[in-house]
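1. From the sequence below, what's the structure:
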Amino acid sequence: MLIRSEAPADILPIDTLLKAVFPSEAEANLVMTLRENGCRTLSLVACNDEGEVVGNAFFSPVTIDGEDHNWQGLAPLAVREDYQGQGIGLALIEEAKSVLGDFGYPAIVVLGEPAYYSKAGFEKALDHQLTCPWPNTEEAFMVCDVFSGTVAQHQGMVKYSPEFDAL
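-> Sure thing, here's the model as predicted:
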């Protein structure tokens with residue numbers, strides 16, 4: 001399994017992956033819109049031995065109480081169904097932490113399944129006085145330090161790029 005940064009040739013395979021993994025095309029459309037609007041900070045792909053894209057982790061900027069602290073939102077994370085359960089998603093997250101750290105991005109937020117994301121070091125954001133604008137997300141909105149101690153320095157409302165409002 002090779003994990004690498006997205007290349008232009010990966011755009012359509014990522015789109016196909018997202019349309020296959022999620023119940024609607026909303027996530028695929030979101031990623032295309034974020035990419036077109038220059039809101040992609042990092043997009044990693046996992047490729048099988050044949051070079052096919054079987055996983056994707058996409059990161060875009062978030063703000064805290066309207067201020068940019070270089071934090072990133074992970075959305076979406078997708079692994080092709082026949083490759084799920086093999087640790088590919090967690091490997092994508094670990095590689096992303098390394099790359100984001102290299103470029104000075106200190107923390108990541110995600111809205112997702114707590115049991116899964118806690119395996120990657122995410123904690124409930126509310127425990128750090130961090131919230132997001134979407135209702136009923138207290139358990140699913142999570143945060144992770146890329147640089148130790150970063151999360152403890154900030155509290156408030158975390159907002160994703162305006163493109164997320166279309167979801």
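
2. What are the boundaries of the strands in the protein?
-> With DSSP state E as the definition, the chain shows strands at residue ranges 2-5, 42-47, 53-64, 72-79, 107-111, 123-124, 130-131, 141-145, 156-160.

3. Adding mean neighbour count, write those strands out as TSV.
-> C-betas here are computed from N, CA, C, even on glycine. Below are the strands of the chain laid out as TSV (neighbours: other Cβ atoms under 10 Å):
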stretch	mean neighbour count
strand 2-5	12
strand 42-47	20
strand 53-64	23
strand 72-79	23
strand 107-111	24
strand 123-124	16
strand 130-131	20
strand 141-145	22
strand 156-160	18
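
4. any chance you could map the helices in this structure?
-> Secondary structure of the chain, counting by DSSP state H: helices at 11-21, 26-36, 88-102, 114-117.

5. who wins for proximity to residue 123 among these?
-> Of all the helices of the chain, it is helix 114-117 that lies closest to residue 123, at 8.9 Å by Cβ to Cβ.

6. Against which helices or strands is the closest one packed?
-> Here helix 114-117 touches strand 141-145, going by 3 or more Cβ pairs under 8 Å, 6 or more residues apart in numbering; DSSP states H and E.

7. So which elements touch the strand it packs on?
-> Strand 141-145 packs on strand 107-111, helix 114-117, strand 123-124, strand 130-131, going by 3+ Cβ pairs under 8 Å, 6+ apart.
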